[in-house]
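J.: Could you work out the structure for the sequence below:
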Amino acid sequence: MVAYEVHGTGPALLLPVNPEPIEGAKADEMRAWGVNPANGRDLIAGLADAYRVVAFDYEGHRLAHPTDLTPDRLAQDLLDVADAAGVERFAYYGYSWLALAGLQLALRTDRLTALVMGGFPPLDGPYAPMLTVTKATHDLAVDPSSWTGPADSVWDSAEMTLSPEQTGQFVVLYEALQSFSDTAVELSMPRLCFAGSADVIAYGPKWGGVTVDIAGPLLRRGDDLSAAGWDVRVLDGLDHTGAMQAANVLPVLRPWLDSVLTA
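T.: Okay, the predicted model is just below:
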């Protein structure tokens, strides 16, 4: 079972973040990449005065307990957290692949009161390039010596610290999503999507040589997303890391939640 914490009272919000600040050498490494080691805690603090925040480190749980991470399993894990916390109806906010998780959850339950996807587009999602990156990551986890080329980017210089079991579950997930059509999705709950305007990652040969474009679909298809019922926000100048930080998320997320859940 995924461990969780409950903070505050009010409408329920599932928040898949680590509620405990990272400390020590790992925290220093995160700061070097522009990541706030206390990001989860800061998100909780910015929401718990008005919402019953169910916070749980789902990514950390799955890294500690790898599984066959199919979309059905992913959605069921999230529903299991809601059940354990005693919330029948709830909003959901996830960032990056955890935003993708929210979309899959929304397709499998009628319990969502609102859905927020940050850092992963609801339309034209980069499922194919993410599979390429994930497979390359898995290959390196199986055999770290399989890549002997130069480091062409900051991503190429990153060392492999994950096990084959940890990376393999994400290969399972993205393989299962290759036939998924996000253009066919029809949802009725209030929905918000956002990304940084500079959220485009060009991976070098070490990681499959693909580009993962998160901002592009929101910029190109903003009108289509709005017509489909999405509120769309593009955070000027921010990349994937910058747009996940609580200081940049809360000014977008909190007013929107207030408008759809407490108005």
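J.: got the phi/psi numbers for residue 144?
T.: Main-chain torsions, residue 144, degrees, to the nearest 10: phi -60, psi -20.
J.: wait, I meant residue 4
T.: Torsion angles, degrees, to the nearest 10, at residue 4: phi -150, psi 160.
J.: burial count for it?
T.: The number of residues packed near residue 4 is 21, by other C-beta atoms under 10 Å. All C-beta spots, glycine's among them, are computed from the backbone N, C-alpha and C.
J.: got it, and residue 33?
T.: Neighbour tally, residue 33, other C-beta under 10 Å: 9.
J.: how near is it to residue 244?
T.: 11 Å (C-beta to C-beta, to the nearest Å).
J.: Kindly report the same for residue 31.
T.: From residue 31 to residue 244 the distance is 14 Å (C-beta to C-beta).
J.: the more surrounded of these two?
T.: Ranked by neighbour count (other C-beta under 10 Å), residue 31 and residue 244 place residue 244 first, with 24 against 12.
J.: got the contact list for the closest residue to the more buried one other than its chain neighbours?
T.: Excluding its sequence neighbours, the residue lying closest to residue 244 (C-beta to C-beta, 6 or more residues apart in numbering) is residue 95, at 4.9 Å. By C-beta atoms under 8 Å, 6 or more residues apart in numbering, the contact set of residue 95 is 118-120, 244, 249.
J.: please redo it, this time with the cut-off set to 6 Å
T.: 118-119, 244 (C-beta atoms under 6 Å, 6 or more residues apart in numbering).
J.: between those residues, which is closest to residue 110?
T.: residue 118 (22.8 Å; C-beta to C-beta).
J.: burial of the closest one, as a residue count?
T.: Residues within reach of residue 118, counting by other C-beta under 10 Å, total 27.
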